[in-house]
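Undergrad: requesting a structural model of the entry that follows:
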Amino acid sequence: MLTPETAVAIVSNAVHITALIVCVLVVPSLIGGLLVSIFQAATQINEQMLSFLPRLLITLGMLIFAGNWILRTLGDLFIETFKQAGRLVG
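TA: Have a look, this model is predicted:
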(Lines give C-alpha, C1' and ligand atoms only; values in the text may rest on other atoms or scores of the structure.)
Protein backbone atom coordinates (compact mmCIF):
# COMPACT_ATOMS: atom_id res chain seq x y z
CA MET A 1 0.00 0.00 0.00
CA LEU A 2 1.26 3.43 -0.87
CA THR A 3 1.50 5.49 2.28
CA PRO A 4 2.66 9.09 2.48
CA GLU A 5 5.93 7.94 4.07
CA THR A 6 6.61 5.57 1.17
CA ALA A 7 5.83 8.27 -1.39
CA VAL A 8 8.16 10.70 0.38
CA ALA A 9 10.91 8.06 0.45
CA ILE A 10 10.58 7.39 -3.29
CA VAL A 11 10.61 11.08 -4.21
CA SER A 12 13.42 11.79 -1.77
CA ASN A 13 15.57 9.06 -3.30
CA ALA A 14 14.89 10.38 -6.82
CA VAL A 15 15.75 13.97 -5.84
CA HIS A 16 18.92 12.81 -4.07
CA ILE A 17 20.15 10.89 -7.11
CA THR A 18 19.25 13.75 -9.45
CA ALA A 19 21.13 16.26 -7.29
CA LEU A 20 24.15 13.93 -7.15
CA ILE A 21 24.24 13.60 -10.95
CA VAL A 22 23.86 17.36 -11.44
CA CYS A 23 26.68 18.02 -8.96
CA VAL A 24 28.97 15.62 -10.82
CA LEU A 25 28.38 17.57 -14.02
CA VAL A 26 28.14 21.15 -12.75
CA VAL A 27 30.72 21.44 -9.94
CA PRO A 28 33.79 20.80 -12.15
CA SER A 29 32.46 23.33 -14.65
CA LEU A 30 31.99 25.90 -11.88
CA ILE A 31 35.54 25.34 -10.64
CA GLY A 32 36.88 25.68 -14.20
CA GLY A 33 34.86 28.86 -14.69
CA LEU A 34 36.23 30.27 -11.44
CA LEU A 35 39.81 29.56 -12.54
CA VAL A 36 39.21 31.14 -15.94
CA SER A 37 37.64 34.22 -14.37
CA ILE A 38 40.60 34.59 -12.01
CA PHE A 39 42.92 34.33 -15.02
CA GLN A 40 40.85 36.93 -16.90
CA ALA A 41 40.90 39.29 -13.93
CA ALA A 42 44.66 38.90 -13.52
CA THR A 43 45.46 39.48 -17.20
CA GLN A 44 42.54 41.84 -17.94
CA ILE A 45 41.57 39.77 -21.00
CA ASN A 46 37.85 40.20 -21.52
CA GLU A 47 37.01 37.63 -24.18
CA GLN A 48 33.62 35.88 -24.02
CA MET A 49 34.86 32.75 -25.79
CA LEU A 50 37.58 32.34 -23.17
CA SER A 51 34.96 32.13 -20.44
CA PHE A 52 32.54 29.86 -22.34
CA LEU A 53 34.74 27.31 -24.09
CA PRO A 54 36.58 25.85 -21.05
CA ARG A 55 33.30 25.32 -19.19
CA LEU A 56 31.82 23.60 -22.23
CA LEU A 57 34.84 21.34 -22.62
CA ILE A 58 34.89 20.49 -18.91
CA THR A 59 31.19 19.60 -18.99
CA LEU A 60 31.64 17.43 -22.09
CA GLY A 61 34.66 15.78 -20.49
CA MET A 62 32.65 14.98 -17.38
CA LEU A 63 29.87 13.52 -19.53
CA ILE A 64 32.42 11.27 -21.21
CA PHE A 65 34.18 10.42 -17.96
CA ALA A 66 31.09 9.84 -15.79
CA GLY A 67 28.52 8.99 -18.46
CA ASN A 68 28.61 5.27 -17.77
CA TRP A 69 28.08 5.84 -14.04
CA ILE A 70 25.26 8.32 -14.71
CA LEU A 71 23.40 5.93 -17.02
CA ARG A 72 23.88 3.01 -14.61
CA THR A 73 22.65 5.11 -11.67
CA LEU A 74 19.58 6.34 -13.54
CA GLY A 75 18.85 2.82 -14.77
CA ASP A 76 19.04 1.46 -11.23
CA LEU A 77 16.75 4.25 -10.02
CA PHE A 78 14.11 3.48 -12.66
CA ILE A 79 14.31 -0.28 -12.12
CA GLU A 80 13.94 0.13 -8.36
CA THR A 81 11.07 2.60 -8.81
CA PHE A 82 9.17 0.23 -11.09
CA LYS A 83 9.77 -2.68 -8.72
CA GLN A 84 8.39 -0.61 -5.85
CA ALA A 85 5.41 0.46 -7.97
CA GLY A 86 4.56 -3.17 -8.66
CA ARG A 87 4.72 -4.05 -4.96
CA LEU A 88 2.77 -0.98 -3.86
CA VAL A 89 -0.10 -1.33 -6.33
CA GLY A 90 -0.69 -5.08 -6.06
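
Undergrad: list the contacts of V8.
TA: For V8, the set of contacting residues under the criterion of Cβ atoms under 8 Å, 6 or more residues apart in numbering is empty. Heads up, the C-betas are built off the backbone N, CA and C, glycines and all.

Undergrad: show residues contacting stretch 54-64.
TA: Where contact means Cβ under 8 Å, 6+ apart, the residues beyond stretch 54-64 that reach it are V24, L25, V26, P28, S29, G32, G33, V36, I70.

Undergrad: okay, now the unreliable bits of the protein?
TA: Counting by pLDDT under 70, the ranges of the chain that qualify are 90.

Undergrad: identify the farthest-apart pair in the contacts of stretch 54-64.
TA: V36 and I70 (24.7 Å; Cβ to Cβ).

Undergrad: quick one on the thing from earlier: now tabulate the contacts of stretch 54-64 in CSV and tack on neighbour count.
TA: Putting the contacts of stretch 54-64 into CSV (neighbours: other Cβ atoms under 10 Å) gives the following:
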residue, neighbour count
V24, 16
L25, 16
V26, 14
P28, 17
S29, 18
G32, 19
G33, 15
V36, 18
I70, 17
